[in-house]
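K.L.:
Coordinates only, no sequence provided:
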């Protein structure tokens, strides 16, 4: 209750980075709107930070604490907003908060990718909410549409650009013709890449989001280790040039898909890799730090969601939406849907996925090369869509684009190509996104 | 309860058109998935139709009834899905269903545009859900993202292409160079336009959707009559040619916007009109029967939602999402948010809205014309962005594009232009969408 007898909902915020600071600002600046929407005032009970000494705007010093563990169990806290990042500490704090009957809102994709099951079970037992819209694609509503709007449909495929750092780097490489290393350095200077960029550029972040998306889209439990993953650090300027020649652009995609095995049983493929995307595909024009997710469902058809995938304010928007909904549930009763894993579909290995390959190789500039190369594809029943010869003499290259085939057959073919005498080196192998059979 | 003791949720479907038939099909074909997601079996208790004699697939004849009024109050019905269309009858049936404690899912935009307030009040009193995702933009999740995902943000603007018929016609005119009348006829032949196309081509359907979007985006009650409306029946091939020259395309837009009055008080502008959209704007590439909605919010920034805006299966997807959520609430307790009108922002007249104008006029081909025309704009402090002279002699035309100015000043200027001796006629006036100041 407030002093004048209005009902209040106590909020604890864990972490005061970019997103946390924005959440605290919005809670304070928009308090009357938020109260009208919730039906109760949202009051910040405390903000847990690592370093109490650091100066902070938008936050009264009396709210700050470095004792997060006590904050999340306080009697007057109804909802905990976790924005610390990392895994072990937030896992413990969120678990404790849920056990104490607090609803939890988190943006922590790394944690959720592995521990949604554990946390959702605790939330279900305690009859509280666990919301995580901000964990995938920043401000873009994706989690709620998949869990709720499409709850009566059958999602077939989710394909998205969900990592802003890699999309910034790939867009800049395509635009400026610069190489990977210098573009990564530039991204770091501009604040688009972290000091240790591994989680982004090697696809770990995108894989965590793929695990979350696959879990909710297919009502199964998919964890980060179930996601096949390749990063972008091997992408060259040659690849971008070849992509342009093929009227494509290179994007790091997170793809979640229902696929049938030979007996017609459904399985899940979840994978992250840089792929050639045709320029007329809706994901091709998603550039810079923007994110987009394309959902294909049996009845809805193809849907696309587009917007800012990162940054303090956009991510805070998603956190605040969850916070208002969790608070409404505290006031009016009821709960949002938690994890749904009834389908329990198994994970298909990457080798079973049908994809298209783009293979660029340095070859000896002499007759018979194409025949030898084509022979390796046809030996594995892979149909070639286009072959292009570039350069001549010492710089002779062969660029092959295939039709769809099992990834295992494609990857065996690449191994075989490497063994051909006339193939000097396979410089690049990328998959190609598209609907061609 | 089912025979084997499982809990069931009884569903009544009103109307067996394209969407109703798909809803019935999905309920029957996907029953085990739906049961797993809801936590109870969804069972069809009855389907109300006008003509019992008509043959229907996917529906056992024993379920059919022509007594909708009795069906919606049956004891064993928990949720009513209204897909009849029209206003008076569904208003009565939905009101009765809500009063009897049934949750309601509807796709009826015409009804909601005027009666959301009345129905939401009944739903609130009865502690049941009133869901209507399918009323705007078919399969595209827009209502739930605005009401829930953005519940903690401040929406500034919603601009969308939400009518497939007019978008099909405008896209076809732009592509083929055909005139309005023949394109409308073609749309009718292909099933994209109804026998009486007035509701679509004159913008009534888009205005109803604008009223719904403005109401939820701005937490105020906005009805269809609050929406300024112009249709597309006056758009000519000349307009499409001029649009192309300006690197624009013509789209029927539904725009909902917060605008300040001179004292800084917030008001709502809701309007529907055909506008020139720059080709690099995300809405420009939305063609054919597709829909898209762009939402601009203070923290989220610009979001776009894209997909199929009409058709049996896509609309049924949205209905089914609502149905599953309403059923979950019946099983687990709780309710989704209903109408939120606390902000009660007043409606701004179209004259107060800042827009840009494109004005095409036939002029006398002699010196001094441009000066006279420009004088009328400058007299009302309207800045001209570009002037283009097309044709010569009897076919001389002047095409003016302005910067942003109050719509009232622009419309007064057009009236004044009509009075100029050197202006033979004002052939076309369209607004221009874009961010230029």
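P.N.:
Okay, I see it. Values in this document were obtained by computation on a predicted structure and should not be read as measured data.

K.L.:
Could you report the neighbour count for residue A:13?
P.N.:
Residue A:13: 30 surrounding residues under other CB atoms under 10 Å in any protein chain shown. Heads up, the C-betas are built off the backbone N, CA and C, glycines and all.

K.L.:
Please tell me I have it right and it contacts residue A:47.
P.N.:
Yes - the criterion here is CB atoms under 8 Å, and residue A:13 meets it with residue A:47 at 4.7 Å.

K.L.:
Now do the shared contacts for these two.
P.N.:
Here residue A:13 and residue A:47 have A:20, A:24 as joint contacts, going by CB atoms under 8 Å, 6 or more residues apart in numbering or on different chains.

K.L.:
For the closest residue to chain B within the stretch 301-437 of chain A, which non-adjacent residue is closest in space?
P.N.:
Per CB to the nearest CB, residue A:334 is where the stretch 301-437 of chain A lies closest to chain B, at 1.1 Å. The shortest distance from residue A:334 to any non-neighbouring residue, by CB to CB, 6 or more residues apart in numbering or on different chains, is to residue B:334 (1.1 Å).

K.L.:
The one you found: what's it in contact with?
P.N.:
Per CB under 8 Å, 6+ apart, neighbours of residue B:334: A:329, A:332-335.

K.L.:
so how far is residue A:326 from it?
P.N.:
Applying CB to CB, to the nearest Å, the value for residue B:334 to residue A:326 is 12 Å.

K.L.:
How about residue A:251: which residues does it bridge to?
P.N.:
Judged by DSSP bridges, the bridge partners of residue A:251 are residue A:275.

K.L.:
in whichever strand or helix holds residue A:258, what's buried?
P.N.:
Element membership for residue A:258 (DSSP states H and E) is strand A:248-260. The neighbour-count check on strand A:248-260 (16 or more other CB atoms under 10 Å in any protein chain shown) flags A:248-259 as buried.

K.L.:
Could you list every helix and strand that it packs against?
P.N.:
On a contact count with 3 or more CB pairs under 8 Å, 6 or more residues apart in numbering or on different chains; DSSP states H and E, strand A:248-260 meets strand A:155-161, helix A:164-176, helix A:204-218, helix A:237-245, strand A:266-278.

K.L.:
relative orientation of it and strand A:155-161 in degrees?
P.N.:
Strand A:248-260 and strand A:155-161 are oriented at 150 degrees to each other (axes from the mean of the first three to the mean of the last three CA atoms, to 10 degrees).

K.L.:
Helices along the stretch 51-200 of chain A, start to end?
P.N.:
Listed in chain order, the helices of the stretch 51-200 of chain A (DSSP state H, counting those that start in this stretch) span A:68-71, A:88-99, A:109-126, A:143-144, A:164-176, A:180-189, A:198-201.

K.L.:
Which part of the stretch 151-300 of chain A gets nearest to chain B, residue-wise?
P.N.:
For the stretch 151-300 of chain A, CB to the nearest CB, closest residue to chain B: residue A:152, 2.4 Å.

K.L.:
So for the lengthiest helix in chain A, what gets flagged as buried?
P.N.:
Assignment by DSSP state H gives helix A:312-332 as the longest helix of chain A. Across helix A:312-332, burial judged by 16+ other CB under 10 Å covers A:312-330, A:332.

K.L.:
Please apply the same query to stretch A:258-268.
P.N.:
By 16+ other CB under 10 Å, the buried positions in stretch A:258-268 come out as A:258-259, A:267-268.

K.L.:
Near the closest residue to residue A:368 other than its chain neighbours, how many other residues are there?
P.N.:
Take residue A:368 and drop its neighbours on the chain: the residue closest to it by CB to CB, 6+ apart is residue A:422, 6.8 Å away. When neighbours are defined as other CB under 10 Å, residue A:422 has 19 of them.
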